[in-house]
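> any chance you could fold what I've pasted below:
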Amino acid sequence: MDGVRRAPVVVYGNVDEERFLQEIYPLRKPAVLKGIHLGTCTSKWTVDYLSTTGGSQEVKVHVASVPQMDFIHKNFIYRTLPFDVFVKRAAETAHAEYFISEDEKYYLRSLGVDPRKDIADIRKQFPTLAEDINIPEFFEKNQFFSSVFRISSPGLQLWTHYDVMDNLLIQVIGRKRVVLFNPQDAPYLYLTGDKSEVLDLDTPDLEKYPQFVKAQCYECQLDPGDVLFIPALWFHNTVAKEFGVGVNVFWKHLPADCYDKTDTYGNKDPVAASRAMQILDRALKTLEELPDEYRDFYARRMVLRIQSKSYSNHYK
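All right, here's what the predicted structure looks like:
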């Protein structure tokens, strides 16, 4: 990454629930966890096994003609395929049948039966495959939110974004590169909503995104059987080095009433945060009633008032 500071994500071996909760979780930093028993999925989930066992139910997938997927400008299309057909196509580097081009990339982020009302839960959408995986339950059962089945074509890169819940990214098949950014580096990531506009992390356009060099990135490679702990609000970007299969498990680490009850994806900001942003938008609109020099002066006072609040340093 040209000009961008890099540091490795800390790796922990022989992790069990007690070690995670006492030694790793309180740090609120990303961590690669090794030595967790994940069940038979790491040996059984071949392309043939997945396509045969997963069945022919239809799944909605992202299809892109380029490896770097951009959710802001939507440089992909959605298409529906039978799961067994999708798995075989996703594992290919060149396709005899395709939607856009013979080297198009595929990505599955599993959904609930009715995405408007139901969460993704591998135990419900893919019950037979779910029997093969032992999801680490490093949280209380009533904190569980979702378990998302993810499958990526080789070379596919997902956009940098944050989630509002803690999660474990379980890498079952294939190697994956993950780059993460501290929540406190949000000012340097050129955000649109929860997503960064900076797509190319290795050779970023520093004329267009000059502040990006101030961001500290944390990087790791996940091998089959590795688990990555991603604390809420940490930005992350993934690249499937090979055909990749994994499961994300999200849990509510804040009190349940902090979350939007209509959120089935787990990516809506906490209720209080959404309310605060709405109030801020109204305040900024109110400032527009003033002449330029007054608007500038009171906007700066608002910024100073926000900055005067004490913020936690435990991310650093």
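> only C-alpha atoms for contact and neighbour calcs from this point on.
Will do.
> what mean pLDDT does the helix or strand residue 169 falls within get?
For residue 169, the enclosing helix or strand under DSSP states H and E is strand 166-173. Mean pLDDT, strand 166-173: 98.
> give me the element residue 283 is part of.
With DSSP H and E as criterion, residue 283 is part of helix 271-287.
> what do you get for residue 295?
Using DSSP H and E, residue 295 sits within helix 292-308.
> same question, residue 233
Here residue 233 sits in a region with no helix or strand, counting by DSSP H and E.
> check what pLDDT it gets.
Per-residue confidence (pLDDT) for residue 233: 96.
> count of neighbours near the nearest residue in space to it that is not next to it in sequence?
The shortest distance from residue 233 to any non-neighbouring residue, by CA to CA, 6 or more residues apart in numbering, is to residue 162 (5.1 Å). Using other CA atoms under 10 Å, residue 162 has 24 neighbouring residues.
> so residue 162 sits against residue 232, correct?
Yes. Taking contacts as CA atoms under 8 Å, residue 162 lies within contact range of residue 232: 7.2 Å.
> low-confidence ranges, the stretch 201-316 of the chain, go.
Residues of the stretch 201-316 of the chain that meet the criterion pLDDT under 70 lie in 310-316.
> rerun that using 80 as the cut-off
Along the stretch 201-316 of the chain, segments meeting pLDDT under 80 span 309-316.
> circling back: partners of the strand holding residue 169 in the sheet?
Strand 166-173 has the following strand partners under DSSP bridges: strand 227-230 (antiparallel), strand 244-251 (antiparallel).
> rebuild the ones you listed as CSV, extending it with distance to residue 294 and mean neighbour count.
Listed next are the strands paired with strand 166-173 as CSV, based on distance: least, CA to CA, whole Å; neighbours: other CA atoms under 10 Å:
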stretch, distance to residue 294, mean neighbour count
strand 227-230, 43, 23
strand 244-251, 45, 24
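> can you list those in TSV and add distance to residue 302?
Listed next are those as TSV, based on distance: least, CA to CA, whole Å:
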stretch	distance to residue 302
strand 227-230	32
strand 244-251	34
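> how about the ones you listed, which one is nearest residue 300?
Nearest to residue 300 among the strands paired with strand 166-173 is strand 227-230; the distance by CA to CA comes to 34.0 Å.
> all set, thanks.
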